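Peer 1: Structure, please.
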Amino acid sequence: MNLFLLIVFLLFHRGNPQDFRIIPDRSDDSNENDFDDFNVQTSYIEKGFTDSKSFTCAKVKQLLMTGLSAGDLAPDDISIVATLGDALATGVGLYPVADVEFRGAVFTTGGDANIDGLPTVSNIISEFNPELKGVSHGMGTMDKLPMYQLNVAQVGSESDTMIPQARELVRRLQMLDLTDSTMNLENEPRCSCLSKISDQRLGEVQKKWKDAFLLLEAEFNRREFPFFEVLALPLLEINVRFPELLFIAEKPLLNRRGHAFAAKWVWNRLIGGPKYNASRIPLADDSYYCPSLGCPYFRTSKNLHTCNTITLQEYNRRRATTPKPGLSATVNPKRQAIQNNVGWYIGVIVMFSATSVFILGTVFYCHGLHQTKGRFDNIQGV
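Peer 2: Residues are numbered from 1 along each chain as shown. Presented below is the predicted three-dimensional model:
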């Protein structure tokens, strides 16, 4: 069974990096406070890694039964990755010489090099599962790269264009052997509408943006689909001293350092859960997290409060002793008939016993009426 990790990422940034300003937090929308009222189980991270040489994370799929639902999904289980989004997800501007889309270096599904040269979410997952599919390589627009590369993000996209991207992704998953027609995408990565509003208004828009994502997550996950999960990460927090160093000059796009920053943040958030941002360690100085031994899964709504594990040996034992759905155990027809009619059998026995007592009692009573002597009249000495 193929397990699918889809990342949707839209850039939400006002102005150019050289004009970067920290907008005052008037909405109290920090992730640290979002879960104060919930009994969220904290992930205790025992170890981490910084490159392929220091990667010693346990591959729990060799010991535990995983991948049965969204509540026990380990990094080893992910077999397909894909990306939807705008210019940021295409990697435009990452190549220093030309302004081309460098999809192989995107922090979500970029697969060029490895975590030593290009730390991306897909390259990290590849350390757990080398057979990962959907990874992007090289440079070019969506229509010029092979169909099996499942980054369908497009420059200039907005929220209302996510549905066409989703349809394109489904088409690629179903028709990997077909060739797409060539399209020219020349939209510039800008959000001109945001440059016309004040910082206060922008803060209000960002608050609504975040609330909409969290509402989508809550509404969908409330339905409790066992094999599908929506995890909303509406804001990428940049906790560095000089945030402009993470952006391409004069563009609201992340540079290579920014993509490495985003990859670490997304990965550690997937492993650490919603309390990840409560860490006081600067993200730039933090390592990539290995899954917690107590809960070695991606943290979703299915395992936030309770995280259970089961070994392969125990799972196979339970499966061997549990009848398969739709199949019943072999039973004796006579025994089954007795079980189905036990009430009738008991009733017949009671009626037969009552009738016997009535008949025999009547006979003895009538016989006693014709006796002329008592029971002790013929006994000598009395």
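Peer 1: how far away is the closest residue to A153 other than its chain neighbours from R103?
Peer 2: In this structure, A153 finds its nearest non-sequential neighbour in A89, 3.5 Å apart by Cβ to Cβ, 6 or more residues apart in numbering. (Each C-beta comes from the backbone N, C-alpha and C, glycine too.) Computed as Cβ to Cβ, to the nearest Å, the A89 to R103 distance reads 8 Å.
Peer 1: Chain neighbours aside, what residue packs nearest to I338?
Peer 2: That would be Y345: by Cβ to Cβ, 6+ apart, it lies 7.0 Å from I338.
Peer 1: got the phi/psi numbers for the residue nearest to A153?
Peer 2: phi -80, psi -10 (degrees, to the nearest 10).
Peer 1: Model confidence for it, exactly?
Peer 2: Per-residue pLDDT puts A89 at 90.
Peer 1: Quick check, it in contact with T83.
Peer 2: Yes. Between A89 and T83 there is a contact at 5.1 Å, judged by Cβ atoms under 8 Å.
Peer 1: So what does M139 have for phi and psi?
Peer 2: Residue torsions, per degrees, to the nearest 10, at M139 are phi -120, psi 150.
Peer 1: quick one: contacts for it?
Peer 2: 91, 95, 100-104 (Cβ atoms under 8 Å, 6 or more residues apart in numbering).
Peer 1: Buried ones among those?
Peer 2: 91, 100-104 (16 or more other Cβ atoms under 10 Å).
Peer 1: now the strands: where do they sit in this protein?
Peer 2: 3-9, 48-49, 78-85, 288-289 (DSSP state E).
Peer 1: Any idea how many residues pack against D51?
Peer 2: 13 (other Cβ atoms under 10 Å).
Peer 1: same thing with V97?
Peer 2: 5.
Peer 1: what does the model give it for pLDDT?
Peer 2: So, for V97, pLDDT stands at 76.
Peer 1: gap between it and S159?
Peer 2: From V97 over to S159 (counting by Cβ to Cβ), the distance is 32 Å.
Peer 1: ok, back up a step: in the buried ones among the contacts of M139, find the pair that's most separated.
Peer 2: V100 and G104 (11.0 Å; Cβ to Cβ).
Peer 1: burial count for A153?
Peer 2: By other Cβ under 10 Å, neighbour count at A153 equals 30.
Peer 1: Surely it is in contact with T90?
Peer 2: Yes. A153 lies in contact with T90 (Cβ under 8 Å); the separation is 5.0 Å.
Peer 1: overlap in contacts of the two?
Peer 2: In contact with both A153 and T90: 106, 142, using Cβ under 8 Å, 6+ apart.
Peer 1: domains in this protein, as residue ranges please.
Peer 2: 3-320, 334-369 (automatic domain parsing).
Peer 1: how many neighbours does the residue nearest to I338 have?
Peer 2: Quick note: Y345 (other Cβ under 10 Å) scores 10 neighbours.
Peer 1: measure it to F352 for me?
Peer 2: Relative to F352, and taking Cβ to Cβ, Y345 is found at 11 Å.
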